[in-house]
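Participant: quick one: sequence plus predicted model below, questions after.
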Amino acid sequence: MKYGESTFDLFYLITTILAGAWILKNHHDRKEKLMGLTVLILGCGDAFHLVPRVLNYYVDADFTAALGLGKLVTSITMTVFYVLMYHICIEHYGDDSLKILRTPVYLLTLLRVVLCLFPQNGWFENRSDMTWGIFRNIPFLILGILIIWMYWKHREDDRSFRFIWLYVLLSFAFYIPVAVFAGVKPILGMLMLPKTVCYMLIVYTFYRFVKR
């Protein structure tokens, strides 16, 4: 278990960070620059959580604080990830009608970050409070629904991004049970693997678009 999961985590981090750096180096316009930044934030943010998680398998030390900090950082960077996905959608499709969602997107982001910062989340105490797991994920889920709808709305407009809405939808379907119930049913943590695969598919979509 530990070898398979740690290998997968490291592969995900290395490929995602390298892909983000490559896109930033080879971007041709603002939209592609946003893609590179989005991918890089995804990889670097997840590294705060996954690197201590991998080390915890092999190093005899207390990683409670590091894992807690990693979960907090990842919670925030994932929210930023979806804000950037919002801007990429507008840039890619040129749909000015979506700009009306800018205020809700930023308000949901602010609310999510503030809720994540409350000490009741127990980040550094290796505990998961179900109530606060629900609280902090309500604005995150609404933000995700907005992103899913935006990409779904334009799914027939081009072939490049037509499945992004599905990747985001599936990522939330795998993530929400873990975020809310993992403290009660630790086995649900396994759902983070297919969730990560969904993110890798988004990364590959952006990489292929810029490369082409």
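Facilitator: That came through, no problem.
Participant: contacts, neighbours, all on C-alpha from now
Facilitator: Noted.
Participant: residue closest to the middle of the chain?
Facilitator: The chain has M78 as the residue nearest its centroid, 3.8 Å off, counting by Cα atoms, centre = their mean.
Participant: wait, that residue sits on L40?
Facilitator: No: between M78 and L40 no contact is recorded; they are 11.3 Å apart, counting by Cα atoms under 8 Å.
Participant: helix, strand or coil for the residue of the chain most remote from its centre?
Facilitator: Distance from the C-alpha centroid of the chain, by Cα atoms, centre = their mean, peaks at D60 (29.1 Å). What DSSP: H, G, I helix; E, B strand; the rest coil gives for D60 is coil.
Participant: dihedrals phi and psi, it?
Facilitator: phi -80, psi 80 (degrees, to the nearest 10).
Participant: next, work out how far apart it and P52 are.
Facilitator: Going from D60 to P52 by Cα to Cα, to the nearest Å gives 12 Å.
Participant: just N26 next, same as before
Facilitator: If you measure N26 against P52 using Cα to Cα, the figure is 31 Å.
Participant: what does K25 give?
Facilitator: 29 Å.
Participant: higher neighbour count, these two?
Facilitator: Higher neighbour count among K25 and P52: P52, with 20 against 11, using other Cα atoms under 10 Å.
Participant: surely that one touches L69?
Facilitator: No: between P52 and L69 there is no contact under Cα under 8 Å: 9.7 Å.
Participant: quick one on the thing from earlier: tell me the pLDDT of the residue farthest from the centre of the chain.
Facilitator: Here, the pLDDT recorded for D60 equals 82.
Participant: so where's this protein shaky on pLDDT?
Facilitator: For the chain, the stretches with pLDDT under 70 are 1, 126, 128, 182-184.
Participant: that one: helices as residue ranges?
Facilitator: With DSSP state H as the criterion, the chain has helices at 2-26, 30-58, 64-93, 102-117, 130-153, 164-181, 192-211.
Participant: which of the residues in the last one are buried?
Facilitator: For helix 192-211, burial by neighbour count (16 or more other Cα atoms under 10 Å) applies to 192, 195-200, 202-207, 210.
Participant: ok, stretch 47-61 next?
Facilitator: By 16+ other Cα under 10 Å, the buried positions in stretch 47-61 come out as A47, F48, H49, L50, V51, P52, R53, V54, N56.
Participant: how far does it sit from its chain's centre?
Facilitator: Relative to its parent chain, stretch 47-61 has a centroid offset of 19 Å by Cα atoms, centre = their mean, to the nearest Å.
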